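Chemist: what would the 3D arrangement of this be:
(one chain, ligands or ions: 1)
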Amino acid sequence: MSIRAQLSTPRKAVMPRPILATIHTDALTHNLARARANAPDARAWAVVKANAYGHGLERAFEGLRAADGFALLDLDEAKRLRALDWRGPILLLEGCFDARDLELCSRLGLWHTIHCNEQIDMLAAHKTLLPHRIFLKMNSGMNRLGFKPERFRAAWTRLNVLPQVEEISLMTHFSDADGPKGIAAQLSAFNAVTHDLPGERNLSNSAGLMRHAPELAQASDWVRPGIVLYGSSSDFPEHSAADLGLAPTMTLSSKIIGLQNLVAGDSVGYGSQFVADAAMRIGVVACGYADGYPRHCGTGTPVLVNGVRTRLLGRVSMDMVMVDLTPVPQAAMGSEVTLWGRSASGAVLPIDEVAHAAGTVGYELMCALAQRVPVLLA
Ligand SMILES: *Cc1c(COP(=O)(O)O)cnc(C)c1O
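Modeler: Predicted coordinates:
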């Protein structure tokens, strides 16, 4: 069986409900190259946490093999990558959670973040098999993980004398790379403390890489793109994925499984949230919030029917949504519906637009793709 077939959900003998997620390997490869182009001299981690942003780690790996390393959080995901025979770098972005994790780091050759003194204590007490490659994390202003600038050098010095440590790299994370505040204050806090320390510099999520490439490219040995690899814009709505040259990597598609003709005054769905002001034809689509489609999408959320852009009507229910067929009069039972991603005709509905309609971000939609949705690796 081909790798693609193995990594796709097995087909059932019975006719399945027509919902399907398609993962586009070629788009993952394209987006990685696009991200790299902004820091051509730096090495690129492909961030594959959260099961590769909902795409499936093994599937995403097919498209992201050209990365210099893979960054993730979960030790199980690190094991899965090694099981795929990935021998290159793997970085644990939150480091170890327990002293026992360090044994696995030694065994699997995992590089790990150190963001607090408790993690240094664990390492100092660890009877290691092989010395560890550490990424020491500075809290340069995000106030999530890391040592404050004034505590950073003491942490570095502590690590530097441990026999368990082979090499220390330097790392920070930007809170506002996608917004008006930018990265200047955090980058200068980082540089002020680390300028005379040896070690590779590991900076920048997608937004930093896409918006601040000139400053970051020369300051970075490693960059850490995540969301742009998956074809979602790092600063929507200011820039769309297309503006950034990104291609969608996940398509959520379904079909029309019912049709209704409305007259003026007819309402649609739970709570009668949409009321027709004239006669119209609507389609019922086999996709609902139990598939991972956001329930907060209301009337007007964009959707493609046969590749033609139209809109959602009324409330999203567990297993179905209703769509306006006015712009697609030829739509019929079985017509293709694209909830996000790429239609058969090549028309694209950016996941970011659907997320925006639900008051959230593309990340959340990808990560929330439901277990019950079959996946095809294309
Ligand atoms: C998730 C994450 C990234 C990637 O962020 P994107 O916004 O998806 O590019 C980079 N670095 C760290 C520390 C992260 O947790």
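Chemist: now the one residue in the stretch 101-250 of the chain that gets nearest to the ligand: how far from Lys49?
Modeler: Of all residues in the stretch 101-250 of the chain, Gly226 sits closest to the ligand, at 2.4 Å by CB to the nearest ligand atom. Just so you know, the C-beta spots here come from the backbone N, C-alpha and C atoms, and that holds for glycine as well. Distance, Gly226 to Lys49, using CB to CB, to the nearest Å: 7 Å.
Chemist: more neighbours: which of the two?
Modeler: Gly226 (24 against 18; other CB atoms under 10 Å).
Chemist: mind listing what the more buried one touches?
Modeler: Remark: with contacts taken as CB atoms under 8 Å, 6 or more residues apart in numbering, Gly226 is in contact with 47, 49, 53, 205-206.
Chemist: what does stretch 116-123 rub up against?
Modeler: Against stretch 116-123 from outside (CB under 8 Å, 6+ apart): 95-96, 98-99, 102, 114, 132, 134, 145, 147, 155, 158-159, 162, 164-165.
Chemist: what residues are up against Gly109?
Modeler: Listed by CB under 8 Å, 6+ apart, the contact set of Gly109 reads 90, 130.
Chemist: phi, psi of it?
Modeler: In terms of degrees, to the nearest 10, the main-chain angles of Gly109 are phi 70, psi 40.
Chemist: check Gln260 too.
Modeler: Dihedral angles (degrees, to the nearest 10) for Gln260: phi -140, psi 140.
Chemist: ok, now Ala44?
Modeler: Per-residue torsions, Ala44: phi -110, psi 120 (degrees, to the nearest 10).
Chemist: neighbours of Val165, just the number please.
Modeler: Number of residues near Val165 (other CB under 10 Å) recorded here: 20.
Chemist: Leu130 is in contact with that one, correct?
Modeler: No - using CB atoms under 8 Å as the test, Val165 is too far from Leu130 to be in contact (11.1 Å).
Chemist: which residues touch Val263?
Modeler: Shown in contact with Val263 (CB under 8 Å, 6+ apart): 276, 279.
Chemist: and the next helix or strand past the lowest-mean-pLDDT helix or strand in the chain?
Modeler: When each helix and strand of the chain is scored by mean pLDDT, DSSP states H and E, helix 213-219 comes last, with a mean of 86. Using DSSP states H and E, the next helix or strand after helix 213-219 towards the C-terminus is strand 222-223.
Chemist: list the contacts of the residue nearest the centre of the chain.
Modeler: Among the residues of the chain, the one closest to the centroid is Tyr53, at 3.6 Å (CA atoms, centre = their mean). Neighbour list for Tyr53: 60, 226-227, 229-230, 363, 366-367 [criterion: CB under 8 Å, 6+ apart].
Chemist: and if you look at Ile134?
Modeler: With CB under 8 Å, 6+ apart, Ile134 has these contacts: 111-114, 123, 159, 165, 167-169.
Chemist: ok, 10 Å please
Modeler: The neighbours of Ile134, taking CB atoms under 10 Å, 6 or more residues apart in numbering as the test, are 95, 105, 111-114, 119-120, 123, 155-156, 159-160, 162, 164-171, 199.
Chemist: secondary structure class of the residue lying closest to Ala99 once chain neighbours are set aside, three-state.
Modeler: Spatially, and ignoring its direct neighbours in sequence, Ala99 is nearest to Met122 (4.6 Å; CB to CB, 6 or more residues apart in numbering). The local conformation at Met122, judged by DSSP: H, G, I helix; E, B strand; the rest coil, is helix.
Chemist: tell me how many other residues crowd Met122.
Modeler: Look at Met122: counted by other CB under 10 Å, it has 20 neighbours.
Chemist: and for Ser267?
Modeler: 14.
Chemist: quick one, helices of the stretch 201-350 of the chain?
Modeler: Using DSSP state H, counting those that start in this stretch, the helices found in the stretch 201-350 of the chain span residues 206-211, 213-219.
Chemist: list the buried residues in stretch 27-39.
Modeler: For stretch 27-39, burial by neighbour count (16 or more other CB atoms under 10 Å) applies to 27-32, 34-36, 38-39.
Chemist: cool, and stretch 102-110?
Modeler: Applying a neighbour-count criterion of 16+ other CB under 10 Å, one finds 102, 104-106, 109-110 buried in stretch 102-110.
Chemist: can you redo these as CSV with pLDDT?
Modeler: Shown next, in CSV, are the buried residues of stretch 102-110 (pLDDT from 0 to 100):
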residue, pLDDT
Leu102, 96
Leu104, 94
Cys105, 96
Ser106, 94
Gly109, 96
Leu110, 97
